[in-house]
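S.K.: Sequence first, predicted coordinates after that:
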Amino acid sequence: MNIGNKIRKLRKEKGLTLEDLSKKTGLSLSYISLIERGLKNPSLRALEKIAECLNITPGILLSDKEEEDESLETFLRINTKLGEKEREMIIQLIKSLENKKDV
């Protein structure tokens, strides 16, 4: 999943419109729209502003984690007060349990 798709997905999960994200980040609506559609790559500063607004680290937007992991990471981030290390431990535990089930 590219950065633009991740931003769109997380923005929608937060219930934000493009206009909301634009106002909160100070970035133009058209610029964010171009990023979400994959027609423009965000600057590092824009990436930081967007990540801050979405209450995530820029690394989440840049990571190559599988989509399923991203969904779980997003769920844990939004619905718990766990830190990044704890969230990663839970994801690894779930993967381990799934692998045992398949054996």
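M.R.: Received the coordinates, thanks.
S.K.: does Ser22 really touch Leu34, like I thought?
M.R.: No. Counting by C-beta atoms under 8 Å, Ser22 sits too far from Leu34 to count as a contact (11.9 Å). In short, each C-beta sits where N, CA and C put it, glycine included.
S.K.: more crowded one of the two?
M.R.: For Ser22 versus Leu34, the count of surrounding residues by other C-beta atoms under 10 Å is larger for Ser22: 18 against 15.
S.K.: Show me which positions of the strand or helix carrying the more buried one end up buried.
M.R.: Per DSSP states H and E, Ser22 falls inside helix 18-25. Neighbour counts over helix 18-25 (16 or more other C-beta atoms under 10 Å) mark Leu21, Ser22, Thr25 as buried.
S.K.: ok, the closest residue to the second one other than its chain neighbours to Glu13 distance?
M.R.: Meaning Ser22. Counting by C-beta to C-beta, 6 or more residues apart in numbering, Ser22 lies nearest to Leu29, which is 4.2 Å off, once chain neighbours are set aside. Taking C-beta to C-beta, to the nearest Å as the measure, Leu29 and Glu13 are separated by 19 Å.
S.K.: burial measure for the nearest residue to Thr17 once chain neighbours are set aside, as a count.
M.R.: What sits nearest to Thr17 in space, not counting adjacent residues and going by C-beta to C-beta, 6+ apart, is Arg11, at 7.9 Å. By other C-beta under 10 Å, 19 other residues sit near Arg11.
S.K.: okay, Arg11: pLDDT?
M.R.: Reported pLDDT at Arg11 in the predicted model: 92.
S.K.: Which parts of the strand or helix carrying it count as buried, going by neighbours?
M.R.: Secondary structure here is read from DSSP H and E; on that basis Arg11 sits in helix 3-13. Using 16+ other C-beta under 10 Å as the burial criterion, the residues of helix 3-13 that qualify are Ile3, Gly4, Lys6, Ile7, Arg8, Lys9, Leu10, Arg11.
S.K.: and that helix, how far from the chain's centre?
M.R.: Using C-alpha atoms, centre = their mean, to the nearest Å, we find the averaged C-alpha position of helix 3-13 to lie 6 Å away from the chain's own average C-alpha position.
S.K.: All further residue positions should be reported with the first residue as 899.
M.R.: Happy to do that; since the first residue is 899 now, the last one works out to helix 901-911.
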